[in-house]
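Peer 1: I need the structure of the sequence given here:
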Amino acid sequence: MKNPGPRLAVLAVVVHDDKVLLVRRANPPQAGAWGFPGGKVEAGETVLDAARRELHEETGLTGGNARLLEAIDLIEGPERTSAGVHHLMIAVRLDWLTGQPQPADDALALCWASPHALPKPLCRDVARLAQAVTGPGKVR
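Peer 2: Below is the predicted model:
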């Protein structure tokens, strides 16, 4: 069967007190690794709305001041072939507004982490994005 094209997803990159919120993923892609909360963009939903929704569904937190960071391609399996699965993940920077983080069923655990003391194993691009939003010259 031919691959229908990239699967659109969001990553909610939440910053609070110079730490980022990470979840240990229960589901593919990258199950078992630590990454940003996120998931599929639903039909008719903007990526900014999807990031806020996914953040709340996975952690119970409310995020605000949403802004686009970057697009990340994650291609699993044979790269650039119809047999691979292509995820196009849009990273969205959010500020923590309210709530106490509690992992939902698609998150095995969660934590606030300094970009200098990130848990392992990490999903791809987590360390780089964590540094970009908390370090010198950070994306505000």
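
Peer 1: biggest helix in the protein, by residue count?
Peer 2: Counting residues, the longest helix found in the chain (DSSP state H) is helix 47-59.

Peer 1: what's downstream of it, the next helix or strand?
Peer 2: strand 62-76 (DSSP states H and E).

Peer 1: What's the mean pLDDT across that next one?
Peer 2: For strand 62-76, mean pLDDT is 92.

Peer 1: Pull up the pairing partners for it, direction included.
Peer 2: Paired neighbours of strand 62-76 in the sheet (DSSP bridges): strand 85-98 (antiparallel).

Peer 1: shouldn't residue 30 be in contact with residue 123?
Peer 2: Yes: here residue 30 lies in contact with residue 123, judged by CB atoms under 8 Å, at a distance of 4.5 Å. Quick note: C-beta positions are derived from backbone N, CA and C, even for glycine.

Peer 1: of these two, who's got more company?
Peer 2: It is residue 123, of residue 30 and residue 123, that has more neighbours when counted by other CB atoms under 10 Å, with 24 against 17.

Peer 1: That one: what's it in contact with?
Peer 2: Residue 123 sits next to 25, 30, 33, 34, 35, 36 when contact means CB atoms under 8 Å, 6 or more residues apart in numbering.

Peer 1: go with 7 Å
Peer 2: Shown in contact with residue 123 (CB atoms under 7 Å, 6 or more residues apart in numbering): 25, 30, 33, 34, 35.

Peer 1: That one and residue 100: what is the separation?
Peer 2: Going from residue 123 to residue 100 by CB to CB, to the nearest Å gives 24 Å.

Peer 1: And for residue 76?
Peer 2: 33 Å.
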